[in-house]
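# Curious how this folds, go ahead:
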Amino acid sequence: MTSTTEPQRSAGRFLTKLTVIATLGGLLFGYDTGVISGALLYMKDDLDLSAFGEATVVSSLLFPGAALGALLGGRIADRIGRKRMLLLCGAIFLVGALGCALAPTVQIMVAARIVLGFGVGAASVTCPLYLAEMAPPDRRGRMVTINELMIVTGQMLAFAMNALLDHLIQDPHVWRIMLAVASIPAVALLVGMLFLPDSPRWYGLKKRFKEARTVLGYSLDAREADAEFEAIVAHAERTMTTRTPWTVIRDVPWIRKVLLIGCGLAVVQQATGINTVNYYAPTILEQSGLGVSASLIATIAVGVTSVVTTVIGIILLGFVGRRTMLLIGFAGVAASQAALALTFLLSESTTRSYVILGCMIVFVAFVQMFIGTCVWLLLSEIFPMSIRGFAMGIAVFVLWCTNAAISFLFPVLNSA
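Numbers count the residues shown, from 1 in each chain. Below you'll find the model as predicted:
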C-alpha cells in the first residue's frame, strides 16, 4: 500500500506546487488589470488627467503592451521555453509595477504601463500553455481553468486592496501604493519559477527526450509516464521540420481554420465588455451618485462575484459542453446588459446606484461562469502542439487588441 501511495502523494505535492507558482502569473495579470479601477479615482486629479488621458493610461497596458506581449510571448516561449518565459514575465511585472508606482508624469506612467502590459500579455499566453503541457491528461482542464480563477482572484484582491488603502491612508497619493503592491507577487513568481522544470512537451520539441521523460515522472506513475513519453516522441518526430509556424498556417487549411476560430473566440469574449466593468466599475458607480469610498467598497462585490462564479464555471465544465456554456453565457450577457442600460434611464438616487451595481454583478456572473473560463480553456486546447505557443499568441493578441479598443473608447464615449 505504501509503495503505491507515496509516489501519488509526491506527484500531488509537485502538481500543487506547480499550480500555485505558475498561476501567480494569472494573479498578477488580474491584479495589474484590476488595480487601475481604484487608482484612477485619485490619479486623474493628481496627474490632471482628461478623459482622453484617462483612456490612454488604461488602454496603454492593453495596446501596445499586452497585445505585443501576447504576440511575441508565445513565439519567445516556443524558442526559450515556458519556464524562462515565465521568469522573464516575473521580472517585467516587477519593473513595470515599480515604474507605475513612481511615475511623476502622465508620459512616464504610460511608458511604465506599456512595459507592465507586455508582461501581462506574455503571461496570458504562457501560463495556460505551461499548465496545459505540465498537467496529466485527466487534470489538464482543471489546472488550466485554475489560472482563470487566479486572474479573477487577482482582480478581486485589487478591488479589496484599493478599498482598504483608501480607508487606511487619507492621502491623494495613495494610488501609488495601490500600484506598488503588485511587486510582491512578482518577486514570488520570479523566485518560485527557479524551482520548477520546463514542460515535457517543450523538451520533446527540442529533442531533449531524457529531460522530457524525467519531468513526466514527477506527476505520473511509470506506466502513464511511458505512454505519454511515447506520444511526445512520436509527435516530435512528425513535426521536426524546417517549416516555420507561418508556413504551417499558410499551407495547412485545417490549422488555418482552427486559428480563425481561436481569434473569433478571443474577440467575442472581449466584445461582452467585461473589462469596462473591471477597469471602470468605481468610476461608473461614482458617477451614478455613490461617493469615492462607497464606490470602491461596492466594487469588491464585483470581484467576489467573479471568483465565486469562476469556481462554479470550472465545476460546470466537467458536466456541460463547451458550446452550451458559450450559448448560455451570451444569452445571459445580452439580458443583463439590456437591464443595465434601462436602469440608467431611472432618476438619480442611491437606490438606482445599487440597482446598477446589481445588474453589473449579474452581467459579470454570466461572463465569468460561462464564457471566460471556457474561452481560456479552449485557447489552450485547440492548437496543435508544434505551433501552440505561436498560434495562441496570435489569438491572445487579437483578444488584447479588442480589449484595448473597448477600454479606450469607454471613457471617451462616457464623457461625450
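# by contact count, what packs against the helix or strand bottoming out on mean pLDDT in the chain?
Ranked by mean pLDDT, DSSP states H and E, the weakest helix or strand in the chain is helix 2-22, scoring a mean of 79. For helix 2-22, the elements it packs on are helix 106-134, helix 140-168, helix 183-193, helix 209-219, judged by 3 or more CB pairs under 8 Å, 6 or more residues apart in numbering; DSSP states H and E. The C-beta positions use only the backbone N, C-alpha and C, and glycine is treated the same way.
# out of those helices, deepest packed?
Across the helices and strands packed on helix 2-22, the average number of neighbours (mean count of other CB atoms under 10 Å) peaks for helix 106-134, which reaches a mean of 26.
# Excluding its own residues, what touches the least confident helix or strand of the chain? List them.
86, 127, 130-131, 134-136, 139, 143, 146-147, 188-189, 192-193, 195-196, 218-221 (CB atoms under 8 Å, 6 or more residues apart in numbering).
# ditto for stretch 383-395
Here stretch 383-395 makes contact (CB under 8 Å, 6+ apart) with 70-75, 77-78, 125-126, 128-129, 201, 205, 235, 239, 245, 248-249, 255, 258-259, 262-263, 265-266, 379-380.
# Next step: these restricted to helices.
Among those, the ones falling in helices (DSSP state H) are 70-75, 77-78, 125-126, 128-129, 201, 205, 235, 239, 245, 248-249, 255, 258-259, 262-263, 265-266, 379-380.
# Just the buried residues from these, in PyMOL please.
Here is the PyMOL selection string for the buried members of those, based on 16 or more other CB atoms under 10 Å:
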select buried, resi 70+71+72+73+74+75+77+78+125+126+128+129+201+205+235+245+248+249+255+258+259+262+263+265+266+379+380
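# show me where pLDDT drops low in the stretch 101-250 of the chain?
Under the criterion pLDDT under 70, the flagged ranges of the stretch 101-250 of the chain are 239-243.
# Try it again at 80.
137-142, 144-145, 235-245 (pLDDT under 80).
# Same check on the stretch 301-416 of the chain?
Across the stretch 301-416 of the chain, the ranges flagged by pLDDT under 80 are 380-381, 385-386, 388-389, 414-415.
# residue ranges for the helices of it, please.
Using DSSP state H, counting those that start in this stretch, the helices of the stretch 301-416 of the chain run over 322-343, 350-366, 373-381, 388-415.
# Just name the most buried of those.
helix 373-381 (a mean of 24).
# contact partners of that helix?
Helix 373-381 is contacted from outside by 128-129, 131-132, 140-141, 144-145, 147-148, 262, 265-266, 268-269, 310, 313-314, 317, 322, 325-326, 329, 392, 395-396, using CB under 8 Å, 6+ apart.
# Apply 6 Å and report the result again.
With contacts defined as CB atoms under 6 Å, 6 or more residues apart in numbering, helix 373-381 is touched by 128, 132, 141, 144-145, 148, 262, 265, 269, 310, 313-314, 322, 325-326, 392, 395.
# helix or strand for residue 171, which one?
Assigned by DSSP states H and E, residue 171 belongs to neither a helix nor a strand.
# Pull the number of nearby residues for it.
Other residues near residue 171 number 12, with proximity taken as other CB atoms under 10 Å.
# contacting residues for it?
For residue 171, no contacting residues are found, by CB under 6 Å, 6+ apart.
# try residue 193
83, 86-87.
# try residue 367
Listed by CB under 6 Å, 6+ apart, the contact set of residue 367 reads 272, 274.
# switch the cut-off to 8 Å
Here residue 367 is in contact with 272, 274, 329, 333 (CB under 8 Å, 6+ apart).
# and what of residue 98?
So residue 98 contacts 180, 183 (CB under 8 Å, 6+ apart).
# Surely residue 110 is in contact with residue 58?
No. Using CB atoms under 8 Å, residue 110 is not in contact with residue 58, being 10.1 Å away.
# Can you report how many residues neighbour residue 137?
What residue 137 shows, counting by other CB under 10 Å, is a neighbour count of 11.
# Which residue comes closest to it once chain neighbours are left out?
Distances taken as CB to CB, 6 or more residues apart in numbering put residue 228 closest to residue 137, at 7.6 Å, once the chain neighbours are dropped.
# Many thanks, we can stop here.
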